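**Q** Below are the sequence and a predicted model for it; my questions follow.
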Amino acid sequence: MITVEQALQHIKNITVQQPKSLVQMSEALNCVLAEDIHSPINMPPFRQSAMDGYAINAHESNHYLLVGEIKAGDNSQFELKRGEAVRIFTGAPVPDSSNAVVMQEKVQRLDDNKILIDGEVKAEENIRPLGEQIQKGEVALREGDKLNPASIGFLATLGLDKVIVRQAPKVAILYTGNELVEPGTPLDYGQIYNSNSIMLQSALYELGCKSVEIHHCMDDLSSTRQKVASLLDDNEVLIVSGGISVGDYDFVKDALEYNDVEEVFYKVKQKPGKPLFFGRKDEKLIFALPGNPAAALTCFYVYLLPVIQRALGAEDFALERQYLPLKEKYEYKGGRALFLKGKRTKNGVEILEGQSSAMLHTFALADSLIYISGEKSNYDQGDLVEVIKIK
Ligand SMILES: Nc1nc2c(c(=O)[nH]1)N[C@H]1C(S)=C(S)[C@@H](COP(=O)(O)OP(=O)(O)OC[C@H]3O[C@@H](n4cnc5c(N)ncnc54)[C@H](O)[C@@H]3O)O[C@H]1N2
Ligand code: MOO
């Protein structure tokens with residue numbers, strides 16, 4: 001059995017890189033940019049009013065002559081002389097001859113074409129300069145950046161409708177077990193609901209994977225071998241859930257060997273997730289995750305996520321880690337390294353109740369995995385522990 005550090009070292013050595021692909025912006029959420037993006041325009045593309053009010057060509061007096069109106073979207077050209085103003089609205093183009101927009105709350109309308117400004121006016125106030133946000137040709141986002149709703153909105157602001165990203169790998173999830181039935185159907189005695197496949201699929205979607213097929217197989221040697229064979233043919237990443245431990249009906253290890261999957265490691269000295277398997281067949285990556293749901297998800301965050309994010313070229317490929325003080329003391333009997341479900345608080349991190357690898361309830365409430373390496377047996381309140389942020 002290898003240590004967590006040794007397993008992570010194997011993971012770091014994987015240097016698969018996905019090819020580039022041009023995608024529509026509406027499909028780009030969570031994708032990783034494969035090239036730097038330079039802004040094709042100045043943003044804003046014209047001097048823009050930030051307020052509803054009056055664009056003026058300032059002079060010594062507070063009295064101005066109103067000569068027209070500009071709404072957002074208008075293409076009007078006004079040559080304001082000193083002492084002249086136009087009614088203007090938020091987002092409208094400010095004439096070059098105007099040097100300030102005065103918000104309407106500071107302006108009195110004297111009659112149809114005269115206004116009086118209360119107080120001082122600062123040069124260029126309430127005018128967003130041309131290219132204030134970004135100038136044409138400047139780098140907007142960089143290769144390796146992962147696209148979130150804000151970055152997608154930002155690129156749309158620049159007029160982009162497609163982006164070049166790393167193509168997500170084609171992934172298959174094979175969940176094994178006679179006891180599993182689908183949510184939404186009744187349970188018989190001895191059965192439980194299949195939670196792992198939809199959980200892992202959701203986690204993969206969050207990484208930007210698009211094609212994530214789900215397949216089931218009963219605890220039976222020949223169908224496990226056959227399923228593994230056909231899924232390896234059709235996918236770049238195969239994730240198997242369950243059946244990887246040592247029971248008489250755990251056939252996954254055999255099925256992987258039978259299909260010439262080369263073992264990189266099997267069994268890690270950790271809890272949860274001891275019987276984790278990682279292997280390769282040519283360029284294909286194969287993970288067999290323990291069936292216990294919290295063990296499967298822990299292994300996903302710690303081992304699978306960095307491999308996939310790196311293949312996608314993400315700059316930050318592993319989840320962020322930080323050291324935080326423990327809220328309460330923790331006694332540890334030793335043995336396997338631990339990944340504990342935790343929640344960050346104002347002053348540190350709290351270990352949550354319910355750490356069994358069969359339980360997802362605690363995981364659903366957690367925002368962190370606390371890594372206890374096993375080198376130290378007892379932790380006092382306030383001792384620093386390594387925290388992996390999952391939210
Ligand atoms: N004699 C030993 N027994 C076990 C060992 C061991 O070292 N010696 N290791 C234990 C550990 S640790 C783990 S973790 C589990 C892993 O077992 P498997 O990967 O073979 O998983 P299964 O036996 O198929 O299932 C375990 C558990 O999880 C439930 N399960 C499975 N798939 C799903 C799913 N898709 N959705 C929801 N729940 C699922 C399954 O019903 C079992 O309760 O082995 C220990 N045993
Ligand atoms: O290592 Mo297992 O994942 O504890 O139950």
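**A** Noted; the coordinates are in hand. Ligands and ions are numbered 1, 2, ... in the order given.
**Q** OK, contacts around K12?
**A** Going by C-beta atoms under 8 Å, 6 or more residues apart in numbering, K12 touches P306. In this view, the C-beta of every residue, glycine as well, is placed from N, C-alpha and C.
**Q** quick one: contacts for the residue of the stretch 1-150 of the chain found nearest ligand 2?
**A** Using C-beta to the nearest ligand atom, the closest approach of the stretch 1-150 of the chain to ligand 2 is made by M1 at 11.1 Å. For M1, the contacting residues are K267, V268, K269, K274, by C-beta under 8 Å, 6+ apart.
**Q** Need the phi and psi values for the last one.
**A** If I follow you right, that is K274. phi -50, psi -50 (degrees, to the nearest 10).
**Q** Give me the nearest residue to it, chain neighbours excluded.
**A** Spatial nearest neighbour of K274, chain neighbours left out: K267 (6.0 Å); criterion: C-beta to C-beta, 6 or more residues apart in numbering.
**Q** re earlier: retrieve the pLDDT associated with the residue of the stretch 1-150 of the chain closest to ligand 2.
**A** Here the pLDDT value assigned to M1 is 95.
**Q** ok, it to P293 distance?
**A** For M1, the distance to P293 (C-beta to C-beta, to the nearest Å) stands at 22 Å.
**Q** and if you look at Y323?
**A** Per C-beta to C-beta, Y323 is found 28 Å from P293.
**Q** Neighbour count: those two, which is higher?
**A** Using other C-beta atoms under 10 Å as the criterion, Y323 and P293 rank with P293 on top: 24 against 11.
**Q** How about the contacts made by that one?
**A** S195, N196, M199, S357, A358, M359, L360, F363.
**Q** ok, for A58, nearest residue in space, not its chain neighbours?
**A** N99 (5.4 Å).
**Q** quick one: that neighbour and H59 touch, right?
**A** No: N99 lies out of contact with H59 (C-beta atoms under 8 Å); the separation is 10.3 Å.
**Q** Which one of these two is surrounded by more residues?
**A** More crowded of N99 and H59, by other C-beta under 10 Å: N99, with 19 against 12.
**Q** For the more buried one, list the residues it contacts.
**A** Residues in contact with N99 (C-beta under 8 Å, 6+ apart) are I56, N57, A58, A123, E124, I127.
**Q** Alongside ligand 2, which residues does this structure contribute?
**A** Listed as neighbours of ligand 2 in the chain under the rule C-beta under 6 Å from any ligand atom: K271, P272, G273, K274, P290, N292, A295, S357.
**Q** and the gap between the nearest residue to P129 once chain neighbours are set aside and E84?
**A** Spatial nearest neighbour of P129, chain neighbours left out: R47 (6.2 Å); criterion: C-beta to C-beta, 6+ apart. Counting by C-beta to C-beta, the separation of R47 from E84 is 17 Å.
**Q** Make TSV out of the residues of the chain next to ligand 2 and add neighbour count.
**A** Listed next are the residues of the chain next to ligand 2 as TSV, based on neighbours: other C-beta atoms under 10 Å:
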residue	neighbour count
K271	18
P272	25
G273	26
K274	18
P290	23
N292	22
A295	25
S357	20
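**Q** Restricted to helices, list these.
**A** A295 (DSSP state H).
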